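[1] Here is my input; please provide its structure:
(one chain, ligands or ions: 2)
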Amino acid sequence: MMDKLFEQEIQKQSVFLDSNKISPHYIPNELPYREKELKSIIQILAPALSGKKPGNLFIYGKTGLGKTAISRQVVEKLLEYAKKYNSKIDSVYTNCHIHNTQYRVLINSLNKKGFKDLTGYASSHLYEKLLSYVDSDGKTLIIILDEIDKVKDINELIYLLTRSNDELEKGHVSLIGISNNVMFKEKLDPRSKSTLCEKEMVFAPYNAKQIQEILNQRVKIGFKENSVSDSAINLVAALAASENGDIRYSLNLLLKGGELADNAGDNQVTDEHINTARKIVEEDIVLSLIDTLPEYQQLVLFTIAKLAELGENNKNLLGETIDTWISGEVYKHYTELSKQFGKETRSARWFREYLKDLEMTGLITTTMSGAGQRGTTQLIKLAFPADKILNVMKKQYDL
Ligand SMILES: Nc1ncnc2c1ncn2[C@@H]1O[C@H](COP(=O)(O)OP(=O)(O)OP(=O)(O)O)[C@@H](O)[C@H]1O
Ligand SMILES: [Mg+2]
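    Numbers count the residues shown, from 1 in each chain. Ligands and ions are numbered 1, 2, ... in the order given. Take a look at the predicted model:
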C-alpha cells in the first residue's frame, strides 16, 4: 500500500523542473539589471584586496529588489578573489530579523566563525573574542548586517563594531548594513548615521519589462519547457510591478501557481492558477505581518477582530452587517481583554498610536465620522477577514 502511494507520488507529473530554483532563497548566477549596483559595491570593497579598509556601506530600497542577493554574491566573489591573490579577507552574514540585538549579532557572528559555547558571556567578552579573531592574522572582516533596522540597540552595535578599528593592531572591520525601511536612517544617532552611511546605495524598483526578463530567466531553470504560459508570466510581472517591483512576491506567485497546477494535474501554469496563487500569497503575507507585530498592537488588532466576529451576527436597523466600530468602544473592549489576558492596559493615547501603526501596515482602515451630536469620532474597520486574523492570534493567545 505504502509502496504504491510512493510510486504514485513519484509518477505524478509536475510542471517543475526544479522548484528550489524558484524559491526566493535561491540566488541565480546572473542578476540582470543590477550591473551598476554590482559595480559600485565592488569598487567600495575592492580596497580590501590590497589590505586597506573598505568604507562602510548602507544599502536600502524596497522589499524584493535584490539587496540581499547582490550583496551576498559580491562578497562571495570577493572572497574567491582574496584566495586567488592571497589577501586576508573574511566575511560574516547576520540576518538581524532573527538576531535582533547587539548581543545576538555578536553570538551569531562568532558561532559562524567556529566559536562554540558562548552563552553566558557578556557582550564585552564576545567583542574581545571577535577582535582577537580579526587581529590574529590581520584580516579584513566584512560584517553584513541584513535587515539592520531590526536591531534594537543599533547605535551601540554600530559604535562597538566600528570602534574596533581603533583598537585593532592589525586588520579591519567593515560594515554592510541593508534595510528596506527608508525611515531607519533617520532614527540613528548622528554619529552612527555618519559611520554606517559612509557610502550609501539605493536599489530602485524594477519596471514590468525588467521583471518579465528576470522571471523568464528563472522560469527557464525552474520549470519544464512550456509549463508556464506567456500570459501567466506577463500577469505575474504586472502584479509585481504594481508592488514596487518586488521579485520575491513574483517568485512566490510562480511557486504557488506551479503547486496549484500540479495539484490539479494540469500541465501548464495559467492565469487562473496565478490569480488563485495571488490570494493565497497575499494571505500569507498578511498573516506573517500579524505574527511579527509588537504585542500591544496585536492585542488591539485582536480586539477589533473579536468585535468583527461578533458583528457578523450583528445587523443595524437597515439589516446591514456592522463592520465599523467607534474607537472609544474598541478601547473599552481592549481594556477588558488586556485585563483578561493579564497584560498591562496602555493609555488611550498609546491606543491611538497603535491604531495609527496598524493602519500603516494596512491591516485596518480608519475614518473620521462627520460632526454629529457627539462630535467627530474615529471609526475603525478591519481590512482583512476577521476569522483569518483570529486564527493566527488564537495560537498567540493560547485560546
Ligand atoms: N536582478 C535580479 N535577477 C534575478 N533575480 C533577482 C534579481 N533581483 C532580485 N532577484 C531575486 O528576487 C528575490 C528577492 O531578492 P532579495 O532577497 O535580494 O531582495 P531584498 O532586496 O533583499 O528584499 P528585502 O528587503 O525584503 O529583504 C531573490 O530570490 C533574488 O534572487
Ligand atoms: Mg533582503
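
[2] From here on, just use CA atoms for contacts and neighbour counts.
    Will do.

[3] Which residue does the stretch 251-399 of the chain have closest to ligand 1?
    The nearest approach of the stretch 251-399 of the chain to ligand 1 comes at L251, 7.1 Å away (CA to the nearest ligand atom).

[4] what residues does this protein put near ligand 1?
    Taking CA under 6 Å from any ligand atom, the part of the chain that reaches ligand 1 is made up of 24-28, 31-34, 62-69, 180, 214, 247-248.

[5] Name the surrounding residues that touch the helix or strand of the chain with the lowest mean pLDDT.
    Across the helices and strands of the chain, mean pLDDT, DSSP states H and E gives its lowest value to helix 386-396, namely a mean of 77. Helix 386-396 is contacted by residues 287, 290-291, 298, 302, 305-306, 308-309 when judged by CA atoms under 8 Å, 6 or more residues apart in numbering.

[6] Determine how far it lies from the middle of the whole chain.
    Relative to its chain's centre, helix 386-396 lies at 21 Å (CA atoms, centre = their mean, to the nearest Å).

[7] Same question for stretch 94-110.
    Counting by CA atoms, centre = their mean, stretch 94-110 comes out at 16 Å from the chain centroid.

[8] Just the buried residues of that stretch, please?
    Under the neighbour-count criterion of 16 or more other CA atoms under 10 Å, stretch 94-110 has 94-96, 99-110 buried.

[9] can you check stretch 139-157 too?
    Buried, per 16+ other CA under 10 Å, within stretch 139-157: 139-151, 154-155, 157.

[10] cool, stretch 111-123 as well?
    By 16+ other CA under 10 Å, the buried positions in stretch 111-123 come out as S123.

[11] For it, measure first residue to last.
    14 Å (CA to CA, to the nearest Å).

[12] I figured S227 was touching N267, is that so?
    Yes: between S227 and N267 a contact is recorded at 6.2 Å, counting by CA atoms under 8 Å.

[13] For the two, list the residues in contact with both.
    Common neighbours of S227 and N267 (CA under 8 Å, 6+ apart) are V15.

[14] neighbour-wise, which of those two wins?
    The neighbour comparison of S227 against N267 (other CA atoms under 10 Å) goes to S227, with 21 against 17.

[15] List the residues that contact that one.
    15-16, 267-269.

[16] out of those, who's nearest G328?
    Nearest to G328, judged by CA to CA, of the contacts of S227 is V269 at 48.5 Å.

[17] beta partners for that closest one?
    Per DSSP bridges, residues listed as beta-bridge partners of V269: V228.

[18] Neighbours of it, how many?
    V269: 27 neighbours (other CA under 10 Å).

[19] Same check on the one 5 residues further on?
    Burial of I274 is recorded as 26 neighbouring residues (other CA under 10 Å).

[20] from memory it sits against S231, does it?
    No: in this structure, I274 is not within contact of S231 by CA under 8 Å, at 10.2 Å.

[21] Can you work out which other helices and strands pack against the lengthiest helix in the chain?
    The helix spanning the most residues in the chain, taking DSSP state H as the definition, is helix 271-291. Using 3 or more CA pairs under 8 Å, 6 or more residues apart in numbering; DSSP states H and E as the contact criterion, the elements in contact with helix 271-291 are helix 230-241, helix 247-264, helix 386-396.

[22] Any buried residues in the shortest one, and which?
    Same thing as helix 386-396. Quick answer for helix 386-396 (16+ other CA under 10 Å): 386, 389-390, 393.

[23] Could you dump the residues you listed into a markdown table and include distance to L79?
    Below are those laid out as a markdown table (distance: CA to CA, whole Å):
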| residue | distance to L79 |
| --- | --- |
| A386 | 50 |
| I389 | 45 |
| L390 | 47 |
| M393 | 44 |
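
[24] distance between stretch 267-275 and the chain's centre?
    26 Å.

[25] Between the two ends of that stretch, what distance do you get?
    End-to-end for stretch 267-275, by CA to CA: 17 Å.

[26] just to revisit the earlier point, ok, so of the buried residues of stretch 94-110, who is nearest ligand 1?
    Using CA to the nearest ligand atom, these come closest to ligand 1 at N95, 9.4 Å.

[27] Skipping adjacent residues, who's closest to the closest one in space?
    Closest residue to N95 apart from its sequence neighbours, by CA to CA, 6 or more residues apart in numbering: D146 at 4.8 Å.

[28] Now do the contacts for the one you found.
    68, 93-97, 176-179.

[29] And F223, by the same measure?
    With contacts defined as CA under 8 Å, 6+ apart, F223 is in contact with 15-19.

[30] if you set the cut-off to 7 Å instead, what comes out?
    15-18 (CA atoms under 7 Å, 6 or more residues apart in numbering).

[31] What helices and strands are in contact with the helix or strand where R191 lies?
    Secondary structure from DSSP states H and E places R191 in helix 190-196. Where contact means 3 or more CA pairs under 7 Å, 6 or more residues apart in numbering; DSSP states H and E, helix 190-196 is packed against helix 154-167.
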